[in-house]
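Q: the following comprises the amino acid sequence and a computationally predicted model.
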Amino acid sequence: MVVGVLCVVTGGLAFSWMLQSAGDRVEVLAVARDVPVGQELVAEDLTVAALPADPALHPILASRKKSLIGRRASTDLKQGSLLTSGQLATGSLLRDGEDLVALTIERGHAPIDALAPGDEVKVVSAPAADAEASKDPVADIKARVVKVGRANASGSVVVQVAAASSDSSPLAAQSASGHVSVVLVSKGRG
């Protein structure tokens, strides 16, 4: 009988301790949906998760949610993951002396599946299919990929690149002609 009473009391104390420990939760931010690198955060990208306090984890507190709206992801954010300050860009994705240029790339004119933000590329003016072959050397412009869009119905993809300010106007003009190709030079987060 005494053993039974001790078991009940011990079990009650253990349950009480577990219940109290579970109450030591902290509200943090988690990613509500996939966010590609470079994209600005909107409220719908973030959700609140309640976790037990753990000194090994350093997620951003939920109370900071409003201050993060408009910040850019510095890496791909995956749905369900905890948000940390290291995943957010601290400044502009453009360096001094760079402009952002949108290129419309036709199907087959770039290694689209291999392109990712941070990659170094060369943008080459491609002659129209019915144009006579030119004997002039092809000029290419160095750039860094900032964002790769999704293919539209015709297979064209918009790729946003950071280029030197001196190259941005010619690059935009090349893209407007509809005849540009992209060459991947090196992978990486530039």
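A: Alright, I've got the coordinates.

Q: mind telling me what element Val48 is part of?
A: Per DSSP states H and E: Val48 is located in strand 46-52.

Q: what average pLDDT does the helix or strand that that strand is followed by get?
A: Later in the chain than strand 46-52, the nearest helix or strand by DSSP H and E is helix 65-68. When pLDDT is averaged along helix 65-68, the result is 93.

Q: list the contacts for the spatially most central residue of the chain?
A: Closest residue to the average C-alpha location of the chain: Val37 at 1.2 Å, with C-alpha atoms, centre = their mean. Residues near Val37 by C-beta atoms under 8 Å, 6 or more residues apart in numbering: Ala73, Ser74, Thr75, Asp76, Ala116, Pro117, Gly118, Lys147. Where C-beta positions appear, they are placed from N, C-alpha and C, glycine not excepted.

Q: show me what contacts Ile69?
A: By C-beta under 8 Å, 6+ apart, Ile69 lies in contact with Leu41, Val42, Ala43.

Q: in which helix or strand does the nearest residue to His109 once chain neighbours are set aside reside?
A: Sequence neighbours aside, Ser181 is the residue nearest to His109 in space, at 4.3 Å (criterion: C-beta to C-beta, 6 or more residues apart in numbering). Element membership of Ser181 [criterion: DSSP H and E] is strand 180-186.

Q: low-confidence stretches in this structure?
A: Per-residue confidence for the chain (pLDDT under 70) gives these ranges: 2-9, 11-23, 126-138, 189-190.

Q: still on that earlier bit, now do the SS call for the residue nearest to the centre of the chain.
A: Assigned with DSSP: H, G, I helix; E, B strand; the rest coil, Val37 falls in the coil class.

Q: looking at the contacts of Val37, which are in helices?
A: Using DSSP state H, no member of the contacts of Val37 falls in helices.

Q: do a quick rundown of the helices in the chain.
A: Going by DSSP H, the chain shows helices at 2-22, 65-68, 165-177.

Q: show me what the last one is packed against.
A: The one in question is helix 165-177. For helix 165-177, the packing partners by 3 or more C-beta pairs under 8 Å, 6 or more residues apart in numbering; DSSP states H and E come out as strand 98-105, strand 120-125, strand 140-148.
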